[in-house]
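**Q** What follows is a predicted structure for the sequence shown.
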Amino acid sequence: MDHLERLRAVFRTALRLAPDAAVDGLEYRAIPQWDSLAHMALVAAMEDEFDIMIDTDDVIDMSSFGRAVEILEKQGVTIPR
């Protein structure tokens, strides 16, 4: 499984979405599941999955799936485009 698929799986699990739910276009608070508590769970799940530590500024700035991809790339995780 490539890094993009792993990130999609993290989003689906942390936000308690269906295994086949489309997540690439998700934005913070656009769905009821992605509230502030779920946001922190999502950040923790990303850190665990990719063995990284996300800066506080990036935690605050992670407003979409696309931004999460950018944050991973900033951490040195290669995401295929």
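**A** Perfect, thanks for sending it. Just so it is clear, the model here is predicted, and its values are computed rather than measured.

**Q** top helix in this protein by residue count?
**A** Secondary structure of the chain per DSSP state H: the longest helix is helix 36-50.

**Q** So which elements touch it?
**A** Packing partners of helix 36-50 (3 or more CB pairs under 8 Å, 6 or more residues apart in numbering; DSSP states H and E): helix 3-14, helix 56-61, helix 65-74. Quick note: C-beta positions are derived from backbone N, CA and C, even for glycine.

**Q** and F50, which of those is closest to it?
**A** Closest to F50 of those, according to CB to CB: helix 65-74, at 6.3 Å.

**Q** any idea of the angle that closest one forms with helix 3-14?
**A** 130 degrees (axes from the mean of the first three to the mean of the last three CA atoms, to 10 degrees).

**Q** Restrict helix 65-74 to CA atoms and write it as PDB.
**A** Only the C-alpha atoms of helix 65-74 are listed here, as PDB (Å, rounded to 0.1, in the frame of the first residue of the first chain):
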ATOM      1  CA  PHE A  65      -7.100  16.100   3.100                       C
ATOM      2  CA  GLY A  66      -5.000  17.900   0.600                       C
ATOM      3  CA  ARG A  67      -3.300  19.900   3.300                       C
ATOM      4  CA  ALA A  68      -2.600  16.700   5.200                       C
ATOM      5  CA  VAL A  69      -0.800  15.400   2.100                       C
ATOM      6  CA  GLU A  70       1.300  18.600   2.000                       C
ATOM      7  CA  ILE A  71       2.100  18.200   5.700                       C
ATOM      8  CA  LEU A  72       3.300  14.600   5.200                       C
ATOM      9  CA  GLU A  73       5.500  15.700   2.300                       C
ATOM     10  CA  LYS A  74       7.000  18.400   4.500                       C
END
